[in-house]
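Q: Model the structure of this input:
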Amino acid sequence: MRTRTWLLYIVLAVLIPAFIVAAVSIVYLYGGEQSAFKKSMQETARAMAFLLDKEMANREAVLHTLAASPAFNHDDLQAFEHHARALTNTWDTNIFLTDLDGQQLMNTRLPIGATLLPRSGTLMALRKSAGPDATVISDVYMTPVGHTYGVAVQVPIKRNGMPHYYLSSGSLVRQLQSLFSDRKLPAEWVETIIDRQGVVAARSINAEYFVGHPIAADLATRIAAQSEGLYEGNNLQGVPVTAFFSRAPLSGWTFIVSVPQALIRSAAINAIMLLSAIWLAFATVAGIGALYAARRTSQPIEALRRTAAQLGRGEAVSESHSGIAEIDAVADEMRHASARLLRGKADLKEQVADAVSATARSQRALLQTQKLEALGRLTGGIAHDFNNVLQALNTGLHVVRLSVLEGRANSALEACQRAVKRAAELTGQLAVFGRTQDARLEVCALDDQLKAIRPLLDSAIRSDIDLLIKFDNALWPVKIDTLQFELAILNLVINARDAMPNGGQLKITAGNVHINGEGERAELSAGDYVKLTISDNGHGMDGEVLNKALEPFFSTKAVGKGSGMGLPQAYGFAKLAGGMLSLDSKPGAGTSVTIYMARSVEPLRQTPPAASAHSEAHSGAAVLFVEDDALVREVVGPALVHAGFQVATAASGDEAYRILQSGRHFDVVFSDVVMPGTLSGIDLAELIARQFPAMRVILASGYSDRLSASGHVRILPKPYDLSVLIAALSSTGPN
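A: A predicted model of the protein is given here:
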């Protein structure tokens, strides 16, 4: 097989597995992207449903304000009507008052003194099921005045604790269209609001054609059966869509967000096309490179063959350079052998000529013998030199073959393949809003953490900002991720610094508080908390910015100056610490961020003594190292041997158990938790506790929901420091 063919095979051996791995990665990532997309869309529908309820609640609040009018104390309906008309001076909204039977007594959409007012039969029908004291929200109805679609909210007006009148606010459903303008969703998405009967009240696209019409029957059935979810089918325009819906708890109306299915699938198609184009480009470049390399390799070898043929014919071999060191070395040796051969032939001719001229015919036989002897010596020299040349050629070709198949190129290829496989396995991430990694929670003293990061905070602010840190003397311990705590505090301090461009004062205070689960902190469970507050006297935030401040990627800073993840990260930390984060800010009055962290009843962490990973051998203990990841075994195993331990390895819990059953003795078993096979690390530890009670067990894991059931073993969190592992293995204390 020619060298060119071998190189092409090598290129294909690299590209085809890489393409397969990339394709699998695309499928995996696309599935994760679709799951995240659906979750995000469901959250969007839920948020819009709550926004719809907020709109209805605003109308209810206006009615309660009107219901408190002093005119009702004297049944002065004429005074109340003037008051109501002053508040509703637009055709889109009207206020009407009814008696307990639903007969309208006044209506701001009709002239003052109008008679034969209509009866509010729709609202009174809903009132029967809701009760006399409840707030009633109607479905979409055709208004008797103006004959357009509207919606009404009704509240009771009480006297001595009993309903005396019913006050209602009617508005056109087109007012709900304003809920769509603030969201700025993609133009292809369709947002729809429907009432309890499945009738369209508002729609972001072509509302004038669909308001008042019912939605598809199967979608209406799905919405009636569950408060939120998704539906795949055709929308009112006949376009295949995936619809995400959520029912508003106050009004019972439903918000729907529809996304064309073609738009969802286009991401996967584009990714596959891009992957194919990239692979074809790489394959083309690699093929051209392989052909070029094969040509650069085959030409010097062919030249070397011609040189060998010249040497065999006894011709002079000229100097040549191919750029390949091994081939050039063989060519040089062949050139030197050719020179020696030519010199030998010249010497032989000279000796023969001298012998012929100096010897008479009578010495022909002797001359013939001498000639044969000279030829014998010449032949032996040629054979010796030629064997040397062949040996050099053979060695050179072997070296070339090794460099192609087994040398550095093959090692680099193998390392690259392992690295590619390892990179495809770790994305996830990523986001609470959302969970992207397992937290490393530990019980610690918050005052110690604040003292430790004080130098970091000082370096993060400017000299014109005065940083004041104050905390109670006996702060309760908290269970937190210390790294996330430092990052949250640093993010908040940087935000405060940027809010004070002309300098100012930054305060960090901490104290113990008890929450009773009521009032403004009702979302916190009743109990003890540590309250940490970071406040500044910067420019503050207005209401619109404050409402969006905790949204991921929202930032008021210039592009490149902020990621918009500072406050969301701090919020996620607070939720992880068993508490919450609250914001208080006003323009020109500064900002105050408060983090509540649940009090921990566990003992404070104990910092393990430092140990050197390169120290001398410890106890020489026999260790059974159980780890299914080959890369981890290749790194940790030799490191433990270097530290003085006697190490045996196993790739699974099943293999480790077979080794223990064989009778081999070990002082300690160090095992991963999650492994293939029938035995996990926890199962293995429980078997060892029953069958080998004198043998210590140490487990390493990033996360497992069964670790709490394994109190008889020591747990090392991943990734563990080698010095901590060596100290744990060297310990003679109990597990």
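
Q: For burial, what's the neighbour tally of the nearest residue to Ala643 once chain neighbours are set aside?
A: Spatial nearest neighbour of Ala643, excluding adjacent residues (Cβ to Cβ, 6 or more residues apart in numbering): Ile726 at 5.2 Å. For glycine as for every other residue, the C-beta is placed from the backbone atoms N, C-alpha and C. By other Cβ atoms under 10 Å, 21 other residues sit near Ile726.

Q: Ile726 contacts Val641, correct?
A: No - counting by Cβ atoms under 8 Å, Ile726 does not reach Val641; the two are 11.7 Å apart.

Q: where does Val21 fall, helix, sheet strand or coil?
A: Secondary structure of Val21, reduced to three states by DSSP: H, G, I helix; E, B strand; the rest coil: helix.

Q: gap between it and Gly32?
A: For Val21, the distance to Gly32 (Cβ to Cβ, to the nearest Å) stands at 16 Å.

Q: Of these two, which one has the most company?
A: Ranked by neighbour count (other Cβ under 10 Å), Val21 and Gly32 place Val21 first, with 15 against 12.

Q: Can you give me the pLDDT of the more buried one?
A: If you check Val21, the pLDDT there is 75.

Q: what does Leu456 give?
A: 83.

Q: Likewise for Asp99?
A: Looking at Asp99, its pLDDT is 89.

Q: got the contact list for it?
A: Going by Cβ atoms under 8 Å, 6 or more residues apart in numbering, Asp99 touches 105, 165-166.

Q: Which residue comes closest to His83 once chain neighbours are left out?
A: That would be Ser69: by Cβ to Cβ, 6+ apart, it lies 5.9 Å from His83.

Q: how far away is the one you found from Val632?
A: Taking Cβ to Cβ as the measure, Ser69 falls 75 Å from Val632.

Q: again, but for Thr143
A: 72 Å.

Q: Neighbour count for the two, which is higher?
A: Neighbour tally, Thr143 and Val632, criterion other Cβ under 10 Å: the higher count belongs to Thr143, 18 against 15.

Q: Leaving out the residues flanking it, which one is nearest to the more buried one?
A: Nearest residue to Thr143, sequence neighbours excluded (Cβ to Cβ, 6+ apart): Gly150, at 4.4 Å.

Q: for the stretch 501-650 of the chain, what are the low-confidence residue spans?
A: Low-confidence segments of the stretch 501-650 of the chain, defined by pLDDT under 70: 517-522, 552-554, 558-565, 605-619.

Q: Let me see the ranges of the helices in it.
A: With DSSP state H, counting those that start in this stretch as the criterion, the stretch 501-650 of the chain has helices at 543-548, 566-576, 630-642.

Q: Please enumerate the helices of the stretch 1-150 of the chain.
A: 3-67, 77-87, 121-130.

Q: what packs against the last one?
A: The elements that helix 121-130 packs onto, with contact taken as 3 or more Cβ pairs under 8 Å, 6 or more residues apart in numbering; DSSP states H and E, are strand 136-137, strand 149-159, strand 162-172.

Q: Kindly recompute the last result at 10 Å.
A: Counting contacts by 3 or more Cβ pairs under 10 Å, 6 or more residues apart in numbering; DSSP states H and E, helix 121-130 packs against strand 93-98, strand 136-137, strand 141-142, strand 149-159, strand 162-172.

Q: Okay, buried residues for it please.
A: Within helix 121-130, the residues that qualify as buried by neighbour count (16 or more other Cβ atoms under 10 Å) are 122-124, 126-127.

Q: Ala488: which of these is nearest?
A: Of all these, Ala488 sits closest to Leu126, with 48.0 Å by Cβ to Cβ.

Q: list the contacts for that closest one?
A: Leu126 makes contact with 120, 134, 136-139, 152, 154, 196, according to Cβ atoms under 10 Å, 6 or more residues apart in numbering.

Q: Which positions in the strand or helix carrying Asp448 come out as buried?
A: Take DSSP states H and E as the rule and Asp448 turns out to sit in helix 446-460. Residues of helix 446-460 classed as buried by neighbour count (16+ other Cβ under 10 Å): 446-447, 449-450, 453, 457, 460.

Q: what's the spacing between that helix and its chain's center?
A: Put simply, helix 446-460 sits 29 Å off its chain's centre (Cα atoms, centre = their mean, to the nearest Å).

Q: So what are the sheet partners of the following helix or strand past that helix and their directions?
A: Note on helix 446-460: by DSSP H and E, the next helix or strand toward the C-terminus is strand 465-471. The pairing partners recorded for strand 465-471 under DSSP bridges are strand 504-515 (parallel).

Q: Convert the partner strand to PDB, retaining C-alpha atoms only.
A: The C-alpha trace of strand 504-515 is given here as PDB (Å, rounded to 0.1, in the frame of the first residue of the first chain):
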ATOM      1  CA  GLY A 504     -20.000  58.300  48.700                       C
ATOM      2  CA  GLN A 505     -20.500  55.800  51.500                       C
ATOM      3  CA  LEU A 506     -21.000  52.100  51.300                       C
ATOM      4  CA  LYS A 507     -22.300  50.200  54.300                       C
ATOM      5  CA  ILE A 508     -22.300  46.400  55.000                       C
ATOM      6  CA  THR A 509     -24.200  45.400  58.100                       C
ATOM      7  CA  ALA A 510     -25.200  42.000  59.500                       C
ATOM      8  CA  GLY A 511     -27.400  40.900  62.300                       C
ATOM      9  CA  ASN A 512     -29.600  38.200  63.700                       C
ATOM     10  CA  VAL A 513     -33.400  38.400  63.000                       C
ATOM     11  CA  HIS A 514     -36.400  36.300  63.700                       C
ATOM     12  CA  ILE A 515     -39.000  36.100  61.000                       C
END
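
Q: how far out from the middle of the chain is it?
A: 33 Å.

Q: So for stretch 190-209, mean pLDDT?
A: Averaging pLDDT along stretch 190-209 yields 88.

Q: circling back: among the helices of the stretch 501-650 of the chain, show me which one is buried the most.
A: helix 566-576 (a mean of 22; mean count of other Cβ atoms under 10 Å).

Q: thinking again about what came up before, weakest of the helices of the stretch 1-150 of the chain by average pLDDT?
A: Comparing mean pLDDT over the helices of the stretch 1-150 of the chain, the weakest stretch is helix 3-67, at a mean of 79.

Q: one step back: most neighbours among the contacts of Asp99, which one?
A: The residue in these with the most neighbours, by other Cβ under 10 Å, is Tyr166 (26 neighbours).

Q: in the sheet, who's paired with that one?
A: Beta-bridge partners recorded for Tyr166 (DSSP bridges): Thr98, Pro156.

Q: can you pull the contacts of it?
A: Applying Cβ under 10 Å, 6+ apart to Tyr166 gives the contacts 63, 67, 96-102, 104-105, 120, 123-124, 127, 132, 136, 154-157.

Q: before we move on, what about Leu100?
A: Going by Cβ under 10 Å, 6+ apart, Leu100 touches 124, 127, 132, 156, 162-166.

Q: ok, now how distant is it from Phe80?
A: For Leu100, the distance to Phe80 equals 17 Å [Cβ to Cβ].

Q: can you tell me the distance between the two ends of stretch 189-205?
A: End-to-end distance of stretch 189-205 (Cα to Cα, to the nearest Å): 9 Å.

Q: Please name the spatially closest residue to Ile515 (chain neighbours excluded).
A: With Cβ to Cβ, 6+ apart as the criterion, Ile515 has its nearest non-adjacent residue at 4.8 Å, and that residue is Leu524.
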